[in-house]
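Trainee: Got a sequence here, can you build the structure:
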Amino acid sequence: MKILIFGASGFVGPYLAREFTEHGYEVIGTDIRETDAMPFTFADILDAGSVERVVRETVPDMIVNLAAISSVGQSWNIPQTTVSVNVTGALNILEAARRLEKTPKILFVGSSEEYEASDKPISEENPLNANNPYGISKAAQERFAEIYRERFGMKIYCVRPFNHTGPGQSDSFVLPSFCKQVAEIEKSGKPGVIKVGNLSAKRDFSHVKDIVRAYRMILESDDCETVYNVGSGMAHGLDDMLNYILKFSRQEIKVEVDPARFRPVDTPAICCDNTLICEKLGWKPEFSVFDALREMVEAYIK
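Mentor: Numbers count the residues shown, from 1 in each chain. Sure, this is the predicted structure:
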């Protein structure tokens, strides 16, 4: 079985490639930036001709779309680009795939940001009511997937992952930022200051390895109409996660709130109800966010 990964050079791409390769798949990656994590071909997801060329040349059995503007904060700065990449890019894949003689399975990665805010664990039954450009674009992508599934009989799978992290994630995200700063202070051998934003939020973070395993299990299933949440099922405070990271340094570290990093927290806690995927597919987390934090600090120190 051959799998084509769009957005292969991003954070999740190499983990997904490894997951599928270890389970006997032939993996091909495509992106606008090259990666050495897998066999690779260039394609711009916003160029319909480029997308169609890659799909026709590779003739995949499965396609996973990881190409996205994936930051809520970034989506507010570039809402037009967010919609273009996350929605038009998905449509380019759908159009290219449906023209193949044998249409491949397709997995679109959505987000917990599609849901209405809730202070209780969020299940698939919770109402969708995104309140930012990123979440809205992912909900639109999902709706197009539903329409193409109904109209063309395509096997299109959708998943709504909650936050995930691990080595290789950009330090523009909160947990890698904490890990990198602490590692640099530890390597300096001197006391230091770590800059943080709002630490009051509680969030459900998974290890990226658990997330990609869920993606594979979803694609391997026959039911393409069920949309699954994927998350650890536990929300931890950013302050608790920071305190755990600080223990990896022997240096004295002062925590300082940086106004440039501070954002009001609209939703105090976001937690995944992962009951459905655990019961229907037998998936369950094998790692915790604290495993990911330890691995990230160690990677930055090395």
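Trainee: could you pull out the helices for the protein?
Mentor: Remark: helices assigned in the chain by DSSP state H are 13-22, 48-58, 72-77, 79-83, 89-98, 133-152, 174-188, 208-220, 238-246, 275-281, 289-301.
Trainee: Flag the shaky bits of this protein, pLDDT-wise.
Mentor: 264-266 (pLDDT under 70).
Trainee: Which segments of it make up each domain?
Mentor: Taking automatic domain parsing as the reference, the chain has its domains at 2-161, 171-203+235-269+287-301.
Trainee: Out of these, which is closest to residue 218?
Mentor: domain 2-161 (5.4 Å; Cβ to Cβ). Just so you know, the C-beta spots here come from the backbone N, C-alpha and C atoms, and that holds for glycine as well.
Trainee: Show the end-to-end separation of that closest one, please.
Mentor: 24 Å (Cα to Cα, to the nearest Å).
Trainee: Stretch 24-37 now?
Mentor: End-to-end for stretch 24-37, by Cα to Cα: 16 Å.
Trainee: Buried ones in it, by neighbour count?
Mentor: Going by neighbour count (16 or more other Cβ atoms under 10 Å), the buried part of stretch 24-37 is 25, 27, 28, 29, 30, 31, 35, 37.
Trainee: My read is that the third one contacts residue 13, right?
Mentor: Pointing back at residue 28 there. No: applying Cβ atoms under 8 Å as the test, residue 28 and residue 13 come out as separate, 11.4 Å apart.
Trainee: joint contacts of those two?
Mentor: Contact criterion Cβ atoms under 8 Å, 6 or more residues apart in numbering; residues shared by residue 28 and residue 13: 5, 38.
Trainee: Residue 77 - how many residues pack around it?
Mentor: Using other Cβ atoms under 10 Å, the number of residues around residue 77 comes to 11.
Trainee: What separation do you get for it and residue 71?
Mentor: 9 Å (Cβ to Cβ, to the nearest Å).
Trainee: How about residue 277, nearest residue that isn't a chain neighbour?
Mentor: residue 228 (4.3 Å; Cβ to Cβ, 6 or more residues apart in numbering).
Trainee: Can you name the residues that contact residue 218?
Mentor: 107, 157, 159, 228, 277, 281.
Trainee: try residue 47
Mentor: residue 92.
Trainee: Same question for residue 91.
Mentor: With Cβ under 8 Å, 6+ apart, residue 91 has these contacts: residue 144.
Trainee: The same query, at a cut-off of 10 Å, please.
Mentor: 45, 48, 51, 140, 141, 144, 145, 148 (Cβ atoms under 10 Å, 6 or more residues apart in numbering).
Trainee: Now the second one: closest residue in space, sequence neighbours ignored.
Mentor: Nearest residue to residue 48, sequence neighbours excluded (Cβ to Cβ, 6+ apart): residue 92, at 4.6 Å.
Trainee: my guess is that neighbour meets residue 51, correct?
Mentor: Yes: between residue 92 and residue 51 there is a contact under Cβ atoms under 10 Å: 4.3 Å.
Trainee: Mind listing the shared neighbours of the two?
Mentor: 6, 43, 44, 45, 67.
Trainee: For residue 290, state which of those residues is nearest.
Mentor: residue 67 (29.7 Å).
Trainee: where does that closest one sit relative to residue 185, distance-wise?
Mentor: Residue 67 is 35 Å from residue 185, where distance means Cβ to Cβ.
Trainee: For the residue nearest to residue 48, give me its contacts.
Mentor: 6, 43-52, 55, 65, 67.
Trainee: For these, give me TSV that also has distance to residue 270.
Mentor: Output for these, formatted as TSV (distance: Cβ to Cβ, whole Å):
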residue	distance to residue 270
6	27
43	33
44	33
45	28
46	30
47	35
48	35
49	39
50	36
51	33
52	37
55	35
65	23
67	24
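Trainee: buried subset of the residues you listed?
Mentor: Members of the contacts of residue 92 classed as buried by 16+ other Cβ under 10 Å are 6, 43, 44, 45, 48, 50, 51, 52, 55, 65, 67.
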